[in-house]
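K.L.:
got a predicted structure here, sequence first:
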Amino acid sequence: MANDGLDPYIDQGGSSYSGNFTVHGGPFHQGNIINIQQTADRCLIDLRVTDPRHDKKRVQNTQGGLLADLYVWVLGNPDFRQWRDYEDQRLLCIKGDLGKGKTMLLCGIIDKLEKLPAEGRRLSYFFCQATIEHINTATAVLRGLIFMLLDQDASLVSHIKKKYDVANKGLFQGDNTWYALSEIFTNMLCDPKLHGICLVVDALDKCIGGLLQLLKLIVETSQATCAKWLVSSRNWPQIKKELSNVAHMLSLEVNAKSVAAAIDSYILHKVSQLVQRKSYRDNTTDEVRQSIEAVSQTLKRDIYGLHDRGFPIKDVPRRRPDPDPLAAIGYSCVHWVNHLIDASKAPGRDDSVQEYGTADRFLRKKGLYWIESLSLLRSMSEGMLALERLIRHLQSNVELNARSIWARGTLIGRVQNRVAEQWSACEAILEGHTSSVNSAAFLADGRRVVLASYNQTVRLWDAASGACLSSYEVGYTSTVSFDPTGTLIYTYAGDICIKESISLDINTHP
């Protein structure tokens with residue numbers, strides 16, 4: 001068949017779909033179709049920095065899997081429904097503090113958008129991650145979004161071909177890459193085939209290179225094209241400032257009840273998995289109770305015979321008795337609370353009051369001796385965190401029978417009163433900053449706290465002991481926070497890489 005000089009990359013009116021690319025109307029050679037696909041294939045190879053579909057699977061797997069309860073609430077949210085259903089609502093920003101589940105929320109939304117029956121609807125997405133170099137820049141975001149679009153429809157290579165024929169893979173490298181890609185991307189979004197396309201970008205705050213450029217492009221294309229943008233970010237003033245004039249904001253803090261319910265559902269699911277994996281037996285609580293009784297029988301005042309109240313902990317090994325009275329009960333001293341709670345959550349248990357009564361008697365009679373043993377075992381932080389966990393556990397379930405309410409209430413009071421007798425409401429004073437503190441953030445497990453001061457320093461502290469772990473001079477910063485892995489501290493002045501990972505598993509006991 002004659003080609004009649006028609007350019008196979010330019011729409012001549014009408015189109016048909018063949019394989020995974022569009023063949024534009026008009027006479028054509030079969031060879032032109034092959035050339036389109038070959039050009040697109042070469043372009044995909046040079047364009048690729050990651051496949052966002054694989055990133056999504058990795059993120060979901062890393063965070064324990066995607067549960068419908070984590071995101072289903074947002075599908076009925078008025079702000080989300082307006083963005084999804086109305087063409088003039090083209091930019092929605094889901095914002096919330098660290099640990100609110102924004103990434104998993106977007107994973108669930110992506111799954112739902114992929115199942116929408118809309119004819120010709122396209123979807124492209126990208127997951128930013130500050131700790132992975134090739135997916136933490138604005139240019140990487142564009143390359144990922146274009147990669148997915150081109151992989152879905154090879155005919156979109158027409159928007160790249162002219163520049164690509166000249167520069168080949170150099171088009172995607174060098175100082176001018178952003179400008180070339182943003183022009184290509186904008187032209188793609190104006191293509192009639194991409195009418196109604198949805199573009200999703202997770203964690204804008206983790207785009208540490210070219211963030212302002214990316215924000216401006218999102219705003220411009222949401223106004224100049226028919227593309228719909230869904231983005232997520234922490235509550236960063238800079239991001240809010242750039243997007244607020246055109247974006248609808250869906251705040252996870254405003255929807256705190258829905259978020260809390262989703263998190264509770266996730267925790268229950270993970271606890272159920274943990275119980276099944278550890279195969280708690282019916283007699284586990286008996287074993288825990290026996291361990292508590294063994295600890296109670298062994299502990300006594302000044303168990304190492306040190307006599308001096310101010311005896312340095314570093315000198316304890318030289319004065320440790322032989323045999324060591326804590327050797328046989330050391331593990332139980334540190335972990336009995338965690339095992340008691342885990343055993344009470346085992347399937348089929350009715351949270352009987354017996355084990356709580358044992359714990360109550362132990363804390364009443366040997367509570368201070370137990371705290372002393374934790375100090376000698378250098379496990380004071382673990383013990384105090386376990387007590388906090390015990391109090392939260394006892395207070396969490398309001399649907400209890402009368403005896404259980406009495407037993408739990410007694411134990412809660414016992415724990416709180418014994419602590420109150422020894423410490424004031426001020427648990428610790430973190431001394432070291434020479435100027436006022438203007439921002440603070442806790443690591444997800446509560447064991448570390450980072451403070452930013454007006455004297456342009458950031459200090460990392462042990463929350464339990466009050467010890468300063470490290471200090472950084474970063475210049476003025478109005479906010480600080482941890483990344484989810486616990487290896488980075490985010491500041492306006494730049495990200496701080498913590499020398500040794502301080503990310504700790506939520507369940508530190510075996």
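P.N.:
Nice, I can see it.
K.L.:
next one: stretch 145-153 to chain centre, how far?
P.N.:
Centre-to-centre, stretch 145-153 and its host chain are 27 Å apart (Cα atoms, centre = their mean, to the nearest Å).
K.L.:
give me the residues contacting it.
P.N.:
20-22, 40, 43-44, 47-49, 51-53, 122-126, 156-157, 160, 181, 184-185, 188, 193-194, 197, 199, 201 (Cβ atoms under 8 Å, 6 or more residues apart in numbering). Yep, even glycine has a C-beta here, placed from its N, CA and C like the rest.
K.L.:
mean confidence for the strand or helix carrying K240?
P.N.:
Element membership for K240, per DSSP states H and E: helix 237-243. Mean per-residue pLDDT for helix 237-243: 90.
K.L.:
contact partners of that helix?
P.N.:
91, 93, 95, 204-205, 211-212, 215-216, 218-219, 231, 233, 249, 492.
K.L.:
right, and the helix or strand after that helix?
P.N.:
Per DSSP H and E, the first helix or strand lying C-terminal to helix 237-243 is strand 248-251.
K.L.:
other SSEs contacting that following strand?
P.N.:
Judged by 3 or more Cβ pairs under 8 Å, 6 or more residues apart in numbering; DSSP states H and E, the packing partners of strand 248-251 are helix 78-85, strand 91-95.
K.L.:
on that earlier part again, and the contacts of helix 237-243, which are buried?
P.N.:
The neighbour-count test (16 or more other Cβ atoms under 10 Å) marks 91, 93, 95, 204-205, 211, 215, 218-219, 231, 233, 249, 492 as buried among those.
K.L.:
low-confidence stretches in the stretch 301-450 of the chain?
P.N.:
Low-confidence segments of the stretch 301-450 of the chain (pLDDT under 70): 343-357, 392-431, 433.
K.L.:
quick one, helices of it?
P.N.:
Secondary structure of the stretch 301-450 of the chain, counting by DSSP state H, counting those that start in this stretch: helices at 316-319, 330-344, 354-376, 380-396, 402-422.
K.L.:
so E114 sits against L123, correct?
P.N.:
Yes - applying Cβ atoms under 8 Å as the test, E114 and L123 come out as touching, 5.9 Å apart.
K.L.:
so the two - more neighbours on which side?
P.N.:
Using other Cβ atoms under 10 Å as the criterion, E114 and L123 rank with L123 on top: 17 against 11.
K.L.:
let me see the contact set for the more buried one.
P.N.:
Residues in contact with L123 (Cβ under 8 Å, 6+ apart) are 110, 113-114, 148, 197-200.
K.L.:
now do it, the pLDDT please.
P.N.:
At L123, the pLDDT value in this model is 93.
K.L.:
beta partners of it?
P.N.:
Counting by DSSP bridges, L123 is bridged to C198.
K.L.:
ok, it to C43 distance?
P.N.:
Using Cβ to Cβ, to the nearest Å, L123 is found at 20 Å from C43.
K.L.:
quick check: the gap between A359 and S291.
P.N.:
Relative to S291, and taking Cβ to Cβ, A359 is found at 11 Å.
K.L.:
can you check R301 too?
P.N.:
R301 sits at a distance of 21 Å from S291 (criterion: Cβ to Cβ).
K.L.:
residues in contact with T434?
P.N.:
453, 455.
K.L.:
at 6 Å instead, please
P.N.:
Residues near T434 by Cβ atoms under 6 Å, 6 or more residues apart in numbering: N455.
K.L.:
returning to that earlier point: in terms of mean pLDDT, which of the helices and strands packed on strand 248-251 ranks lowest?
P.N.:
Ranked by mean pLDDT, the helices and strands packed on strand 248-251 end with helix 78-85 at the bottom, a mean of 91.
K.L.:
so which bits of that helix are buried?
P.N.:
Quick answer for helix 78-85 (16+ other Cβ under 10 Å): 79-80, 83-84.
K.L.:
just those residues now: which is nearest T457?
P.N.:
D79 (39.2 Å; Cβ to Cβ).
K.L.:
any idea how far Q82 is from V201?
P.N.:
Going from V201 to Q82 by Cβ to Cβ gives 19 Å.
K.L.:
still on that earlier bit, next, give me the two most distant ones among the buried residues of helix 78-85.
P.N.:
D79 and R84 (9.8 Å).
K.L.:
so which of the contacts of helix 237-243 sit within helices?
P.N.:
Among the contacts of helix 237-243, the members found in helices (DSSP state H) are 211-212, 215-216, 218-219.
K.L.:
what about the helices in the stretch 151-300 of the chain?
P.N.:
161-167, 177-189, 211-224, 237-243, 256-278, 284-298.
K.L.:
for R448, find the nearest of these.
P.N.:
helix 256-278 (21.0 Å).
K.L.:
have a look at A359 and S291 and say which one is more surrounded.
P.N.:
Each of A359 and S291 has its neighbours counted (other Cβ under 10 Å); A359 has more, 22 against 19.
K.L.:
please report how far the more buried one lies from V259.
P.N.:
Counting by Cβ to Cβ, the gap from A359 to V259 is 32 Å.
K.L.:
for stretch 174-184, list the C-alpha coordinates in CSV.
P.N.:
C-alpha atoms of stretch 174-184 as CSV (Å, rounded to 0.1, in the frame of the first residue of the first chain):
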residue,chain,number,x,y,z
GLY,A,174,22.9,16.5,31.2
ASP,A,175,22.1,19.9,32.6
ASN,A,176,19.2,20.5,30.2
THR,A,177,17.4,17.3,30.8
TRP,A,178,14.6,18.8,32.9
TYR,A,179,13.8,21.4,30.3
ALA,A,180,13.7,19.0,27.5
LEU,A,181,11.6,16.4,29.4
SER,A,182,9.1,19.0,30.8
GLU,A,183,8.5,20.2,27.2
ILE,A,184,8.0,16.7,26.0
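K.L.:
G101 - how many residues pack around it?
P.N.:
Using other Cβ under 10 Å, G101 is surrounded by 18 other residues.
K.L.:
what sits against the residue lying closest to it once chain neighbours are set aside?
P.N.:
Of all residues not flanking G101 in the chain, L70 sits nearest, at 5.9 Å (Cβ to Cβ, 6 or more residues apart in numbering). Shown in contact with L70 (Cβ under 6 Å, 6+ apart): 101, 104, 262, 266.
K.L.:
what about 8 Å?
P.N.:
L70 makes contact with 101, 104-105, 108, 262, 265-266, according to Cβ under 8 Å, 6+ apart.
K.L.:
can you tell me how far it sits from N61?
P.N.:
Relative to N61, and taking Cβ to Cβ, L70 is found at 14 Å.
K.L.:
now swap in N455 and tell me
P.N.:
Distance, N455 to N61, by Cβ to Cβ: 42 Å.
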